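**Student:** no FASTA, just this:
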């Protein structure tokens with residue numbers, strides 16, 4: 001299930017409309033964190049300390065991550081602009097989404 005969410009995330013890098021479930025958001029967040037950590041360890045093992053691999057990974061996934069965050073805000077019935085508020089966006093992303101159709105679309109599957 002976690003990889004299904006991740007593949008869906010990678011297949012919708014420029015989709016800023018619609019909704020994403022809480023499970024999808026946190027699955028992607030945890031996998032990206034794990035992959036970044038793995039790249040950092042790999043870089044240290046290879047003797048590099050400049051962080052090029054993890055930085056490149058993060059830059060490649062920047063726009064898909066922004067779109068996922070916006071869709072997550074839509075799931076709780078808020079504008080995507082709420083995703084730029086520091087700290088508050090994490091609290092909002094942890095909230096349960098609306099159990100009904102809202103102005104941003106239908107309820108996500110999971």
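**Tutor:** Looks like it came in fine. As the structure is a computational prediction, the values presented were derived from the model and not from experiment.
**Student:** Show me where this structure has its helices.
**Tutor:** For the chain, helices defined by DSSP state H occupy the ranges 2-11, 22-45, 52-60, 62-75, 88-94.
**Student:** Let me know which of those helices is the nearest to residue 100.
**Tutor:** Closest approach to residue 100 among the helices of the chain (CB to CB): helix 62-75, 11.3 Å. From N, CA and C alone the C-beta is placed, and that goes for glycine too.
**Student:** chain center to that closest one: distance?
**Tutor:** 6 Å (CA atoms, centre = their mean, to the nearest Å).
**Student:** how far away is the residue located most distally from the centre of the chain from residue 32?
**Tutor:** Using CA atoms, centre = their mean, the residue of the chain lying farthest from its centre is residue 47. It sits 30.0 Å away. Per CB to CB, to the nearest Å, residue 47 is found 25 Å from residue 32.
**Student:** which residue packs closest to residue 13, ignoring adjacent ones?
**Tutor:** When the adjacent residues along the chain are set aside, residue 13 lies closest to residue 64, with 4.0 Å between them (CB to CB, 6 or more residues apart in numbering).
**Student:** ok, the one you found to residue 38 distance?
**Tutor:** Taken as CB to CB, the span from residue 64 to residue 38 is 19 Å.
**Student:** who has more neighbours, these two?
**Tutor:** Neighbour totals were compared for residue 64 and residue 38, and residue 64 leads with 18 against 13 (other CB atoms under 10 Å).
**Student:** residues making contact with the worst-scoring helix or strand of the chain on mean pLDDT?
**Tutor:** Here the helix or strand of the chain ranked lowest by mean pLDDT, DSSP states H and E is helix 88-94, holding a mean of 88. Residues outside helix 88-94 that contact it (CB atoms under 8 Å, 6 or more residues apart in numbering): 22, 25, 26, 69, 72, 73, 76, 78, 82, 83.
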